[in-house]
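Student: build me a model:
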Amino acid sequence: MNDIKLVNFDFFQIALILGSVHLLQNHIVMLISVINVYLHIYFFLMHGTGNINEKNQTDKALRGANCVFHLAFYGIAGKEMLQTRQIDEINLIGTCNLLDSCVKCGVERLVFTSSYNVVFGGQRIVNGDENIGYFPIEKNFDSLGRCKALAEQLVLKSNGRPLKSKGGRKLHTCAIRPAAIYGPDEEYHVPRLLNLAQKGIFLYVLGGPEVKTDWVYIDNLVQAQLLASMGLIDDIPGRQGAPASGQVYFISDGAPVNTFKFMQPLIEGLGYQLPKHQLSVKSAMRLAWIFWGLYGLMYPWLNKGWLPQPPFLPAEVQKVGVTHNFSILKARQELGYVPYMEPKEGIRRTLEHWKMKQGKELRSPELIYWIAIPAGMTLLFCSAFIPPQYLGILQWARWLALFLFRTQYAVQTVFVVACIIHLGEAVYAWNLARRVDSVNCKGWFWQTLALGFSSLRLLIRRSHNLGY
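Tutor: Okay, here's the model as predicted:
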C-alpha cells in the first residue's frame with residue numbers, strides 16, 4: 001500500500017477515506033482541502049494500494065485516524081452485479097474489518113456510504129423516510145442491496161462501542177443512503193446509458209413517464225458526507241449534541257424525476273437520440289433475466305475486458321422502471337443538509353465534462369457496423385477467392401454474390417475496390433486526425449480501415465465541430 005496523499009492540516013487530526021469510488025474520493029478531498037482541513041488519505045483499493053479484506057492492512061491504514069469515510073462498494077451495475085463473491089468480500093467482510101480496526105485504533109467517527117437498495121426491492125415507494133424497514137434479505141435479488149443492508153446494520157449496531165486505545169471514548173457511526181449519483185467522472189449510471197446509446201442499442205425507455213426516482217449530484221453528496229461527520233461530534237452550528245450518532249439519512253437532490261427525462265439533455269447534448277419507444281417493466285424483466293442467465297454461464301470471464309456489459313439486469317430494471325423516492329427532511333432537520341447544486345446546473349456541468357471527454361477519445365460507430373461490415377467483407381472475400389468445394393456452409397454467400405454481380409471476376413473486382421476504398425478512407429482519416437485529434441490518429445486509421453465511412457463520418461463531424 002503506497003498510494004498516500006498529504007494535505008496540510010488544521011481541523012481534523014486525520015481523516016481517512018477508503019474505497020474504490022474515485023469520484024467521491026476526489027470530490028471530498030477537494031472540498032476538505034478548500035476549507036484547509038488536514039487530510040491523510042490512504043486510497044484503499046481492492047486492486048492497487050491495499051485490500052479492505054485484510055485485517056492487518058486495515059489496522060495499519062487506520063492508525064492515527066479519527067474519522068473514516070467508508071466509501072468502498074462493489075456491484076452497483078453491469079457485470080459487477082453478478083460477482084457475488086467480490087460483492088460479499090468488499091461490502092460485508094471489508095466493513096467488518098473496518099469496524100474492528102476502528103475500535104482497535106481509536107477511530108472515533110465512521111460515516112458509512114449505504115444505498116437506497118437496503119429498503120428498496122422493486123416495490124413502489126413515494127416520499128419514503130428512514131422509518132421504512134429493510135427489504136427482506138431472502139427476497140432481494142440485488143446482491144449489493146443484500147450486502148449493504150447487512151453491513152449497514154453492523155455499522156449502526158457498532159455505534160457506541162468502546163475504543164480500546166482511548167479510555168472512556170466510543171466509536172460513533174452513521175449511514176448515508178445516497179440516490180443514484182451523477183456528475184463529472186461518475187463511473188456507473190451515466191457511462192452505462194451513454195455506452196448503450198453509442199453502440200446503437202439504446203432502443204427503448206423502460207416504464208412510463210410517471211415513474212420518478214431520485215438522483216444526487218456528487219457535490220451535494222459530498223456536502224452530506226461532511227455534515228454527517230460533523231454531526232457525529234456535536235460540531236453542527238445551531239444543533240446540540242451529536243444528532244447523527246447511530247442514524248441513517250436518505251440523501252438526494254430532493255427533486256424526484258423520470259430517469260429518461262432527467263438524462264435527455266445529456267444524451268441529446270452529446271449527439272444521441274432518446275428512444276421514442278417504450279418497453280414495459282414486465283417485458284424488460286423477462287429480457288433482464290435472460291441476460292442474467294447468459295452472463296451467469298460466463299461467470300469465469302466476467303472480469304475480462306473483451307466481454308461486453310449486459311444491456312441491463314433485473315435489479316437495474318427495477319431501479320429505473322419502478323417509482324421509488326425518499327424525503328430528505330431528516331437530513332435537513334438534523335444535519336442542516338440543503339442541496340446547493342440544482343439538478344439543471346448539475347446536468348449542465350456533467351454535459352460539459354462529457355463533451356470534453358468525448359473530444360479526446362476515439363469515438364466508435366454503432367455496434368451494428370462492427371458486426372455487419374467485417375462480416376460482409378469476410379463473406380465477400382470467401383465468395384471471391386475461396387474455391388467453391390471449400391466453402392461448405394458458406395456456399396449461400398457465393399450464390400448471393402454471383403446473383404448480385406453476375407460473374408466471379410466481378411465479385412473479385414468488387415472486393416478489391418472495396419479494400420482500396422477502405423484504405424483511402426483510412427489514409428484520409430489519419431491525415432485529418434493529425435489536425436483534429438492527434439492523440440488518436442492511429443486509432444482513427446485502423447478503425448476506418450476496418451469500418452470505412454461509418455468511422456470516417458464521426459471524425460469529419462468532429463472536425464466540423466472544431467471549425468476545420
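Student: so which residues of the stretch 351-468 of the chain form helices?
Tutor: Using DSSP state H, counting those that start in this stretch, the helices assigned to the stretch 351-468 of the chain run over residues 367-385, 395-405, 408-436, 441-451, 453-465.
Student: how about a markdown table for those, with distance to N220, mean neighbour count and mean pLDDT added?
Tutor: Yep, even glycine has a C-beta here, placed from its N, CA and C like the rest. Listed next are those as a markdown table, based on distance: least, Cβ to Cβ, whole Å; neighbours: other Cβ atoms under 10 Å; pLDDT from 0 to 100:
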| stretch | distance to N220 | mean neighbour count | mean pLDDT |
| --- | --- | --- | --- |
| helix 367-385 | 35 | 16 | 95 |
| helix 395-405 | 57 | 15 | 94 |
| helix 408-436 | 36 | 16 | 96 |
| helix 441-451 | 37 | 20 | 96 |
| helix 453-465 | 31 | 17 | 92 |
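Student: closest one to G271 among these?
Tutor: Nearest of those to G271, taken as Cβ to Cβ: helix 453-465 at 7.9 Å.
Student: for the closest one, packing partners?
Tutor: helix 367-385, helix 408-436, helix 441-451 (3 or more Cβ pairs under 8 Å, 6 or more residues apart in numbering; DSSP states H and E).
Student: 7 Å instead, please
Tutor: The contact analysis (3 or more Cβ pairs under 7 Å, 6 or more residues apart in numbering; DSSP states H and E) places helix 453-465 against helix 408-436, helix 441-451.
Student: N127 is nearest to which of these?
Tutor: For N127, the closest of the helices and strands packed on helix 453-465 is helix 441-451, at 48.2 Å, according to Cβ to Cβ.
Student: return the alpha-carbon coordinates of that closest one using PDB.
Tutor: Extracted C-alpha coordinates of helix 441-451, given in PDB (Å, rounded to 0.1, in the frame of the first residue of the first chain):
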ATOM      1  CA  CYS A 441      -4.700   9.400 -35.200                       C
ATOM      2  CA  LYS A 442      -3.500   5.700 -35.300                       C
ATOM      3  CA  GLY A 443      -6.800   4.600 -33.800                       C
ATOM      4  CA  TRP A 444      -8.800   6.500 -36.400                       C
ATOM      5  CA  PHE A 445      -6.700   5.000 -39.100                       C
ATOM      6  CA  TRP A 446      -7.200   1.300 -38.100                       C
ATOM      7  CA  GLN A 447     -10.900   1.900 -37.200                       C
ATOM      8  CA  THR A 448     -11.600   3.500 -40.600                       C
ATOM      9  CA  LEU A 449      -9.600   0.800 -42.400                       C
ATOM     10  CA  ALA A 450     -12.000  -1.800 -40.800                       C
ATOM     11  CA  LEU A 451     -15.300   0.100 -40.900                       C
END
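Student: walk me through the domains of the protein.
Tutor: Residue ranges for the domains of the chain, per automatic domain parsing: 4-358, 367-465.
Student: which one of those has the poorest average confidence?
Tutor: When the domains of the chain are compared by mean pLDDT, domain 4-358 comes last with a mean of 85.
Student: distance between it and the chain's centre?
Tutor: On the basis of Cα atoms, centre = their mean, to the nearest Å, domain 4-358 is displaced by 10 Å from the centre of the chain it belongs to.
Student: if we can go back for a sec, now the helices of the stretch 351-468 of the chain in JSON lines, with distance to Y116?
Tutor: Formatted as JSON lines, the helices of the stretch 351-468 of the chain follow (distance: least, Cβ to Cβ, whole Å):
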{"stretch": "helix 367-385", "distance to Y116": "31"}
{"stretch": "helix 395-405", "distance to Y116": "51"}
{"stretch": "helix 408-436", "distance to Y116": "42"}
{"stretch": "helix 441-451", "distance to Y116": "39"}
{"stretch": "helix 453-465", "distance to Y116": "37"}
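Student: of all the ones you listed, which one is nearest N325?
Tutor: Comparing those against N325 with Cβ to Cβ, the closest turns out to be helix 367-385 (33.3 Å).
Student: packing partners of that closest one?
Tutor: Using 3+ Cβ pairs under 7 Å, 6+ apart as the contact test, the elements touching helix 367-385 are helix 395-405, helix 408-436, helix 441-451.
Student: hang on, the earlier thing: which of the domains of the chain is buried the deepest?
Tutor: With neighbours defined by mean count of other Cβ atoms under 10 Å, none of the domains of the chain is more surrounded on average than domain 4-358, at a mean of 18.
Student: what about the helices and strands packed on helix 453-465, which gets the closest to G467?
Tutor: Closest to G467 of the helices and strands packed on helix 453-465 is helix 408-436 (Cβ to Cβ; 9.5 Å).
Student: can you lay out the helices and strands packed on helix 453-465 as JSON lines showing distance to G78?
Tutor: Below are the helices and strands packed on helix 453-465 laid out as JSON lines (distance: least, Cβ to Cβ, whole Å):
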{"stretch": "helix 408-436", "distance to G78": "30"}
{"stretch": "helix 441-451", "distance to G78": "24"}
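Student: for N117, find the nearest of those.
Tutor: helix 441-451 (37.9 Å).
Student: can you list the residues that contact that closest one?
Tutor: Helix 441-451 has contacts (Cβ atoms under 7 Å, 6 or more residues apart in numbering) with 362, 364-365, 369, 373-374, 422-423, 425-426, 429-430, 433-434, 437, 455-456, 459.
Student: now do the strands in the protein.
Tutor: Under the criterion DSSP state E, the chain carries strands at the ranges 4-7, 15-18, 39-42, 67-70, 109-113, 125-128, 172-178, 180-182, 204-206, 215-217, 248-251, 277-279, 324-326.
Student: please report how far the residue of the chain most remote from its centre lies from T413.
Tutor: The C-alpha centroid of the chain is most remote from T407, which lies 52.6 Å away (Cα atoms, centre = their mean). Distance, T407 to T413, by Cβ to Cβ, to the nearest Å: 9 Å.
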